[in-house]
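[1] build me a structure from this.
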Amino acid sequence: IIGEHVFILEDKSNSLNFNDVVNSPDFEKSKLVVPNFGVTPSVYWIKFTVKNNTAKDNLLVELGQPIMDEIAFYYMDSTNTYHIEKAGEIMPFDNRKYNFTNYVFDLYISPKTTKTYYFKLKSSEQIQAPIYIGTIDTISQSSITNTLISSIFFGIMSVMVLYNLFVYFTVKDRSYLYYVIYISILALTQICPKGYTFQYFWPDSSWLAIHSMFLLPTLVGAAGVVFFKSFLKTKQFVPKLNITFNFLLVIYAIVIILTILRLYKVSYSIMEINAMAVSFLMLFTAAIILKKGFKPALYFLIAWSIFLFGIILWVMKDLGVLPYNNFTNYTMQAGAAIETVLLSFALAARINVYKKERLEALEEKEKKVREQNIMLEEKVKERTKELKQALTN
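    Residues are numbered from 1 along each chain as shown. As a prediction, this is how the structure comes out:
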């Protein structure tokens, strides 16, 4: 990874051409292993120089950020003439030379030579630039590892979807249906930043590829709120907070509208603030409901806390507080998988609560029937006694 050895130039007006960039004195050396520019309308240029001290002439450069709208890679041929190779989500996935979720380009550099390269990056999503140099073997091995981790995660989520869908058709409880919708969108949301939704679900749709990182987190947040309200009976236990959750659902709808209108920075900012409010309000509300004696809230508290912890680690990685590696890169997926399993346990516990409530109701009903039978027998005895007395008289 070469993040600390690259030079960065911000083009706020998107007006610089390649000759302007090559001759620009405004490049600044990166201070981060993974340069992070946030959500911005600016175009960023990245310059780096490679000296090939190996005996290989097939070195590659990998840009490990699948969710990038437009990428232009400038490389030099043997006559010192620059050529451009374009990539990004604006192009169908099948246009790529290398079938990886990350963007991979040939360096065309012979042994014992030195060349300078440029990246031009533009995106509506958060712009991060983890840049690696290696051979096809090392990049393939890294891709296999990443795919294996995401496949395990997606497999767990798929099993949970099928299991809870089966339970829904068995018990006809809407909470299970809302949960199935929630974890289905959650699974897509978690593999979207890794590029797998673009590769396998909509490889020919640039519109979905570009907008999915706005739409999927918004939809999963809204689905999570609907499930939470149904699962923990917020209307029954905390009616005032239930109204607040309805308001937060309206904000999610506004985020979708802003995304469609291409107001990406505003949309992303509102989405982040709303997601933070929803996350901590859920914890607070679950704690209140648990105090009121609804035991499934305990499962939710534990599951949601683990998921939020995974998100916090992932954000700290983005901010440069934690190192950028396979552990920090997949903490959110791990948290989501653990949350999903624990919430399935919570739903199972709620079935036990229902069974207990129904058993208590049945016992109460039987008790009333017995009491009514006793009263009826007493009345029959009294009427019989009165009748015998009447006959005697």
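
[2] how far away is Lys51 from Ser110?
    11 Å (Cβ to Cβ, to the nearest Å). For every residue, glycine as well, the C-beta is placed using N, CA and C.

[3] any idea how far the helix or strand bottoming out on mean pLDDT in the chain is from the chain center?
    For the chain, counting by mean pLDDT, DSSP states H and E, helix 326-329 ranks last in confidence among helices and strands (a mean of 77). Relative to the mean C-alpha coordinate of its chain, helix 326-329 is positioned 15 Å out (Cα atoms, centre = their mean, to the nearest Å).

[4] helices and strands around that helix, which ones?
    helix 136-171, helix 296-318 (3 or more Cβ pairs under 8 Å, 6 or more residues apart in numbering; DSSP states H and E).

[5] any idea which of those is most buried?
    helix 296-318 (a mean of 19; mean count of other Cβ atoms under 10 Å).

[6] sorry, back to before: tabulate the helices and strands packed on helix 326-329 (a markdown table), appending distance to Phe198 and mean pLDDT.
    Putting the helices and strands packed on helix 326-329 into a markdown table (distance: least, Cβ to Cβ, whole Å; pLDDT from 0 to 100) gives the following:
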| stretch | distance to Phe198 | mean pLDDT |
| --- | --- | --- |
| helix 136-171 | 13 | 91 |
| helix 296-318 | 20 | 84 |
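
[7] who touches the residue nearest to Ser124 when sequence neighbours are not counted in this structure?
    Distances taken as Cβ to Cβ, 6 or more residues apart in numbering place Tyr264 nearest to Ser124, at 4.2 Å, with adjacent residues excluded. Residues near Tyr264 by Cβ atoms under 8 Å, 6 or more residues apart in numbering: Val39, Ser124, Glu125, Phe214.

[8] for the last one, helix, strand, or coil?
    I take that to be Phe214. Look at Phe214: counting by DSSP: H, G, I helix; E, B strand; the rest coil, its state is helix.

[9] if we can go back for a sec, would you check how far apart the residue nearest to Ser124 and Pro66 are?
    In terms of Cβ to Cβ, Tyr264 sits 17 Å off from Pro66.

[10] now do Glu366
    61 Å.

[11] who has more neighbours, the two?
    Pro66 (22 against 10; other Cβ atoms under 10 Å).

[12] okay, and that one sits in which element?
    According to DSSP states H and E, Pro66 maps onto no helix or strand at all.

[13] wait, it touches Lys194, no?
    Yes: between Pro66 and Lys194 there is a contact under Cβ atoms under 8 Å: 6.2 Å.

[14] pull up the overlap in contacts between those two.
    In terms of Cβ under 8 Å, 6+ apart, Pro66 and Lys194 are both contacted by the residues Thr101.

[15] three-state assignment of Thr49?
    Strictly by three-state DSSP, Thr49 counts as strand.

[16] and the residue lying closest to it once chain neighbours are set aside, which of the three is it?
    Counting by Cβ to Cβ, 6+ apart, the nearest residue to Thr49 once its immediate chain neighbours are dropped is Thr116, at 4.6 Å. In three-state terms, and counting by three-state DSSP, Thr116 is strand.
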